[in-house]
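Trainee: okay, structure incoming, though there's no sequence with it:
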């Protein structure tokens, strides 16, 4: 069944907002700057990048696009705990997204996933960037 990346993005957003994570979506997909400081812990945003196209028939194509899941964790006075939580978020969130894709709309290939954790000076939160490749049949 052909689909579009916005549908998959919405499915991944529902994974992030659902149980057990219950992350709150940031006001913009571009940064956490508009997120109130008191609500930054456990907020997320999603961005998508065009990936590779394999080909297809009847106005469809098989694609593997990249979805970046960004999670913010407030550091408070303990940056090590924030870092540990973010690295724990990597495996549990990736696992939940892989399982969600098993419904047939998309799947996550074994290769291509990666993550990084960063903190900018002056910010009271650290950010996880989890990159997930999603393979799906896209509508043209």
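Mentor: In hand now; what should we look at? Fair warning: this is a prediction, and the values are worked out from it, not measured in the lab.
Trainee: longest helix in the protein, please.
Mentor: helix 79-101 (DSSP state H).
Trainee: what separation do you get for residue 56 and residue 139?
Mentor: Taking Cβ to Cβ, to the nearest Å as the measure, residue 56 falls 10 Å from residue 139. Every C-beta, even on glycine, is put in place using the N, C-alpha and C of the backbone.
Trainee: where does the spatially most central residue of the chain sit: helix, strand or coil?
Mentor: What sits nearest the mean C-alpha location of the chain, by Cα atoms, centre = their mean, is residue 69, with 2.1 Å. At residue 69, secondary structure determined by DSSP: H, G, I helix; E, B strand; the rest coil is strand.
Trainee: now the nearest residue to it once chain neighbours are set aside: which helix or strand?
Mentor: Closest residue in space to residue 69, ignoring its immediate chain neighbours: residue 130 at 4.4 Å, by Cβ to Cβ, 6 or more residues apart in numbering. Taking DSSP states H and E as the criterion, the element that holds residue 130 is strand 125-139.
Trainee: what pLDDT does the residue nearest to residue 111 when sequence neighbours are not counted get?
Mentor: Counting by Cβ to Cβ, 6+ apart, the nearest residue to residue 111 once its immediate chain neighbours are dropped is residue 133, at 7.5 Å. For residue 133, the model assigns a pLDDT of 96.
Trainee: any idea how far residue 99 is from residue 133?
Mentor: Using Cβ to Cβ, we find residue 133 at a distance of 16 Å from residue 99.
Trainee: so those two - more neighbours on which side?
Mentor: Taking neighbours as other Cβ atoms under 10 Å, residue 133 and residue 99 compare with residue 133 leading, 20 against 11.
Trainee: surely that one and residue 114 touch.
Mentor: No: contact criterion Cβ atoms under 8 Å: residue 133 and residue 114 do not qualify, at 9.5 Å.
Trainee: what about the residue lying farthest from the centre of the chain, which helix or strand?
Mentor: Among residues of the chain, the one most distant from the C-alpha centroid is residue 58; the distance is 30.1 Å, by Cα atoms, centre = their mean. Using DSSP H and E, residue 58 sits within no helix or strand.
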